[in-house]
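Novice: A structural model of the following input is requested.
(one chain, ligands or ions: 2)
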Amino acid sequence: MRIGYGEDSHLLAEGRPLYLCGLEIPSPVGALAHSDGDAALHALTDALLAAYGLGDIGLLFPDTDPRWQGVRSEVFLGEALIRVAGLGGKLLQVSLVLTLDRPKLNPHREALVANLSRLLGLPKDRIGLAFKTSEGLSPSHVQARAVVLLDG
Ligand SMILES: Nc1ccn([C@@H]2O[C@H](COP(=O)(O)O)[C@@H](O)[C@H]2O)c(=O)n1
Ligand SMILES: C[C@@]1(CO)OP(=O)(O)OP(=O)(O)OC[C@H]1O
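Specialist: Ligands and ions are numbered 1, 2, ... in the order given. Just a heads-up that it's a prediction; the model follows:
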């Protein structure tokens, strides 16, 4: 068995889309980033890479590389899943916490879990997803923290 932990945060700004778990969420603000800024998928990518000592998302996909400009972050997650599977890893479970003060994410929970299930190839009951406000600690940011459990 292997575990991995990953996290990510992005400053939120008007005029940017808010992508989380591979879906665009209606929001007055979105993540400032080189890619689509999906902090949830970035945290999951880093957790997968960490489980096998493969470095981190910035090492594999530098934010100075024009190829990743505006890229949807399921590209990064998909590559991490391929690399982990190539080393014999089988993803068993994920747990994800998304922290942001607005918008409320509970209305999108079912869609977010369904898309994670599709992207990760996991049953929905193996996907833990929690939403938190920052209680004023980081009202201008979106944060994501992820743990993954793998066999192999
Ligand atoms: N962006 C968010 C943040 C939170 N929620 C829901 O609100 C509950 C209370 O959040 P606290 O940070 O005050 O504990 C939380 O359990 C979520 O269900 C949300 O939907 N969207
Ligand atoms: C995703 C990458 C690459 O576009 O950049 P960002 O979208 O800015 O996101 P971040 O988590 O700050 O850095 C990781 C980089 O690999």
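Novice: every contact and neighbour count from this point should use C-alpha atoms.
Specialist: Fine.
Novice: which ones are touching the closest residue to Gly152 other than its chain neighbours?
Specialist: Closest residue to Gly152 apart from its sequence neighbours, by C-alpha to C-alpha, 6 or more residues apart in numbering: Gly89 at 4.7 Å. Counting by C-alpha atoms under 8 Å, 6 or more residues apart in numbering, Gly89 makes contact with 150-152.
Novice: ok, now Leu120?
Specialist: Here Leu120 is in contact with 81, 91 (criterion: C-alpha under 8 Å, 6+ apart).
Novice: distance-wise, check it relative to ligand 2.
Specialist: Remark: distance between Leu120 and ligand 2 (C-alpha to the nearest ligand atom, to the nearest Å) = 18 Å.
Novice: before we move on, what about Pro139?
Specialist: Counting by C-alpha to the nearest ligand atom - Pro139 and ligand 2 are separated by 18 Å.
Novice: quickly list what the closest residue to Leu18 other than its chain neighbours is bridged to.
Specialist: Excluding its sequence neighbours, the residue lying closest to Leu18 (C-alpha to C-alpha, 6+ apart) is Gly30, at 4.0 Å. With DSSP bridges as the criterion, Gly30 is bridged to Ala13.
Novice: how near is Gly30 to ligand 1?
Specialist: 13 Å.
Novice: confidence score at that residue?
Specialist: Per-residue pLDDT puts Gly30 at 98.
Novice: what does the chain have sitting close to ligand 2?
Specialist: 8, 33-37, 42, 57-58, 61-63, 68-69 (C-alpha under 6 Å from any ligand atom).
Novice: what is the nearest of the residues you listed to Lys132?
Specialist: Asp8 (14.6 Å; C-alpha to C-alpha).
Novice: give the contact list for that closest one.
Specialist: So Asp8 contacts 39-40, 42-43, 143-145 (C-alpha under 8 Å, 6+ apart).
Novice: for the residues you listed, which two are the farthest from each other?
Specialist: Checking the contacts of Asp8 with C-alpha to C-alpha, the most distant pair is His42 and Gln143, at 10.2 Å.
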